[in-house]
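Engineer: Structural data only, the sequence is not supplied:
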């Protein structure tokens with residue numbers, strides 16, 4: 001019943017999306033609709049909007065340049081074969097298939113003089129760096145866009161400067177002040193962020209003493225050298241609302257004492273939203289998941305047209321609190337910061353003086369969530385507005401509210417002045433419930449989505465490759481550890497400028513324009529683990 005309704009919704013929504021193509025007029029692309037549904041045992045190809053084409057820049061079976069026995073391939077660890085052998089049966093101590101590494105957030109840089117494991121080889125000047133979300137040990141890779149097949153992807157690091165295995169990574173960005181890549185992990189029980197040099201071999205070290213233990217995922221750098229971090233820490237399910245999660249994640253800002261040396265300490269702050277109803281901060285209530293899930297303030301946050309006052313509250317200061325490890329999420333709750341339903345990533349709106357920060361909220365990714373759209377069950381896109389990157393206060397508004405067919409908002413990147421590309425991570429359960437895989441959408445921040453006035457434009461439908469289809473089927477059996485359906489992730493629009501002038505948010509991007517230095521990268525995570533560059537066809 002649910003699938004048939006979802007298919008009907010797709011059919012009705014197709015005309016609306018095409019009619020709304022003007023909402024992404026600056027991109028000059030069509031809309032991918034209708035799309036094939038999810039069906040058991042069937043693979044579905046990647047589909048792109050009219051005017052776009054895809055180029056594979058790396059895929060799972062690519063051997064790693066400088067790879068190890070543990071990390072031999074871009075998308076596969078060395079703990080088993082790529083395909084289970086006939087009759088081989090997994091046990092708690094025996095894996096019959098290799099663990100897939102799941103490359104995540106892309107960071108594109110134009111660098112000169114970079115080297116690799118092959119002495120004397122010219123690795124070129126154009127690179128895409130990625131942390132990998134799956135496998136063990138985790139690792140940092142570099143796609144060498146100018147290189148041949150044998151040197152296409154370099155293993156930059158799988159251990160930190162102390163010889164410890166790296167964790168799984170989710171987010172990444174380039175910090176031109178510290179001249180380091182910033183990598184994040186959503187483990188929550190270990191250091192939430194790491195810094196890594198861009199040269200080979202990369203030297204990786206954690207930032208635990210200044211950023212704490214946290215489930216950080218999104219990370220960006222502003223014009224003052226501050227880090228803006230977005231946390232993905234799933235909350236508790238309610239007792240009554242057993243398909244909905246309590247808001248439990250925060251948006252942070254770290255102000256370093258010395259932007260060129262993050263390890264020197266600084267102040268970690270978290271976003272606090274003021275209730276229009278009571279005038280008090282909207283906060284977390286320990287042990288009251290149901291109350292928070294159905295809170296009037298949570299409803300108000302997800303209501304079109306509402307604007308809220310915000311301010312930043314101090315979570316931790318190395319000068320006052322020292323450098324011992326700390327739980328950032330717990331301290332954010334103590335400080336009265338405002339929790340959201342898994343706000344996974346954020347970016348600065350271009351040419352706003354870093355006065356606008358747009359972040360995604362994933363939601364519950366379950367069609368049966370009792371929160372529904374009105375209470376954030378399907379997530380949202382929010383915008384923080386303030387006078388400058390270090391302003392103490394400002395305002396928050398919702399740009400668009402998710403629904404069953406547009407939800408799981410995750411990675412995002414601006415494609416032009418007002419159009420943000422938003423990747424969807426709805427998850428296998430919701431894919432099945434609604435009969436539709438993940439997509440990449442173009443969403444405008446300068447129009448109203450209330451009352452159906454505009455609709456997201458469907459730029460890419462990731463479908464499901466054959467490898468992910470097999471993983472989805474094997475997921476029902478014990479011992480098969482790989483994820484199922486493909487996920488759109490890592491959307492990244494950049495001209496690769498590694499200086500402060502190249503920070504995302506300084507200039508207006510010009511994605512898909514002929515002759516433009518702005519390039520667009522996106523990954524179909526899980527399955528074949530393919531990273532694409534999207535180009536004008």
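Structural biologist: Sure thing, it's come through. Since the model is a prediction, treat every value here as computed from it, not as a measurement.

Engineer: Number of residues surrounding the nearest residue to residue 366 once chain neighbours are set aside?
Structural biologist: In space, residue 366 comes closest to residue 243 once its chain neighbours are excluded; the distance is 5.1 Å by Cβ to Cβ, 6 or more residues apart in numbering. C-beta: built from backbone N, CA, C; applies to glycine. By the measure other Cβ atoms under 10 Å, the count of residues near residue 243 is 14.

Engineer: any idea of the pLDDT on residue 243?
Structural biologist: On pLDDT, residue 243 comes in at 97.

Engineer: quick one: it and residue 364 touch, right?
Structural biologist: Yes. Applying Cβ atoms under 8 Å, one finds residue 243 in contact with residue 364, separated by 6.8 Å.

Engineer: what about the spatially closest residue to residue 151 that is not a sequence neighbour, how many residues close to it?
Structural biologist: Nearest non-adjacent residue to residue 151, counting by Cβ to Cβ, 6+ apart: residue 65, 4.8 Å away. Number of residues near residue 65 (other Cβ under 10 Å) recorded here: 24.

Engineer: Surely residue 65 and residue 149 touch.
Structural biologist: No. Applying Cβ under 8 Å as the test, residue 65 and residue 149 come out as separate, 9.8 Å apart.

Engineer: quick one, strands of the stretch 1-150 of the chain?
Structural biologist: For the stretch 1-150 of the chain, the strands defined by DSSP state E, counting those that start in this stretch cover 47-48, 52-58, 64-65, 103-110, 126-132, 140-144.

Engineer: same question, the stretch 251-400 of the chain
Structural biologist: Going by DSSP E, counting those that start in this stretch, the stretch 251-400 of the chain shows strands at 251-256, 266-273, 307-317, 346-348, 356-361, 380-386, 393-401.

Engineer: mind putting those strands in TSV, mean neighbour count included?
Structural biologist: As requested, the strands of the stretch 251-400 of the chain are arranged in TSV below (neighbours: other Cβ atoms under 10 Å):
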stretch	mean neighbour count
strand 251-256	24
strand 266-273	24
strand 307-317	19
strand 346-348	24
strand 356-361	26
strand 380-386	22
strand 393-401	19
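
Engineer: nearest to residue 76, of those?
Structural biologist: Closest to residue 76 of the strands of the stretch 251-400 of the chain, according to Cβ to Cβ: strand 356-361, at 28.9 Å.

Engineer: Tell me how far the residue nearest in space to the middle of the chain lies from residue 170.
Structural biologist: What sits nearest the mean C-alpha location of the chain, by Cα atoms, centre = their mean, is residue 411, with 3.3 Å. Residue 411 sits 10 Å away from residue 170, going by Cβ to Cβ, to the nearest Å.

Engineer: shared neighbours, the two?
Structural biologist: Common contacts of residue 411 and residue 170 (Cβ atoms under 8 Å, 6 or more residues apart in numbering): residue 105.

Engineer: Can you list the low-confidence ranges for this structure?
Structural biologist: 1-26 (pLDDT under 70).

Engineer: Okay, helices next: where are they in it?
Structural biologist: 2-19, 208-211, 289-293, 296-301, 318-321, 328-334, 427-434, 466-474 (DSSP state H).

Engineer: Any chance of CSV for those, columns distance to residue 497 and mean neighbour count?
Structural biologist: Formatted as CSV, the helices of the chain follow (distance: least, Cβ to Cβ, whole Å; neighbours: other Cβ atoms under 10 Å):
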stretch, distance to residue 497, mean neighbour count
helix 2-19, 34, 15
helix 208-211, 25, 21
helix 289-293, 42, 21
helix 296-301, 35, 19
helix 318-321, 31, 13
helix 328-334, 31, 21
helix 427-434, 35, 21
helix 466-474, 34, 20
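
Engineer: Lovely, talk soon.
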